[in-house]
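In: No letters, just coordinates:
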């Protein structure tokens, strides 16, 4: 079962479910939190949302190039290390980070509305899928200097 499923029980007892809402803008919150999480930079948010929309580990080189295409490879990798550090400060139990790749931890309780939407549509459960839709995907979210991310 996909980690995006809202029916999935948490595999890590005591770890709150992390919800990543991508329809109608970006909002990230832990289950018991009243307010959405705030991140230091837009790039950290972009890194998180990109990971959330993919169910597999992504190579660090590709992530660095995606988020900082105008930088040299060395600068982009350094920026990625900083972004990973900042993301880990808030979401360590939800991340799987190696020297070569990065992903959301498959055994962490994570709900991503757009992935759940796709799963429900694929299962022919259109009314349920429609209930998740609250606006355009990442409406109002942008990342300056990264046309590939914007696509």
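Out: Received, thanks. Not measured: the values here are computed from a predicted model. Residues are numbered from 1 along each chain as shown.

In: what about residue 52, neighbour count?
Out: By other CB atoms under 10 Å, 26 other residues sit near residue 52. Where C-beta positions appear, they are placed from N, C-alpha and C, glycine not excepted.

In: what ranges do the helices span in the chain?
Out: With DSSP state H as the criterion, the chain has helices at 42-52, 60-67, 73-91, 113-122, 126-132, 147-150.

In: which of these is buried the deepest?
Out: Most buried of these, by mean neighbour count (mean count of other CB atoms under 10 Å): helix 42-52, with a mean of 21.

In: tell me the mean pLDDT for stretch 127-144?
Out: Taken as a whole, stretch 127-144 has an average pLDDT of 92.

In: Touching, residue 70 and residue 144? I think so.
Out: No. Using CB atoms under 8 Å, residue 70 makes no contact with residue 144, being 9.9 Å away.

In: For residue 45, give its distance to residue 138.
Out: Distance of residue 45 to residue 138, computed by CB to CB, to the nearest Å: 10 Å.

In: hey, what's in contact with both of those two?
Out: residue 26 (CB atoms under 8 Å, 6 or more residues apart in numbering).

In: per-residue confidence at residue 15?
Out: In this model, residue 15 carries a pLDDT of 89.

In: quick one, what contacts it?
Out: 93, 94, 108, 109.

In: closest to residue 82 among those residues?
Out: Looking at the contacts of residue 15 and their distance to residue 82, the nearest is residue 94, at 18.7 Å (CB to CB).

In: Now for that closest one, how many residues are close by?
Out: For residue 94, the count of nearby residues is 25 (other CB under 10 Å).

In: shaky segments in this protein?
Out: For the chain, applying pLDDT under 70 flags the ranges 1-13.

In: ok, 50 please
Out: Counting by pLDDT under 50, the chain shows low-confidence ranges at 1-10.
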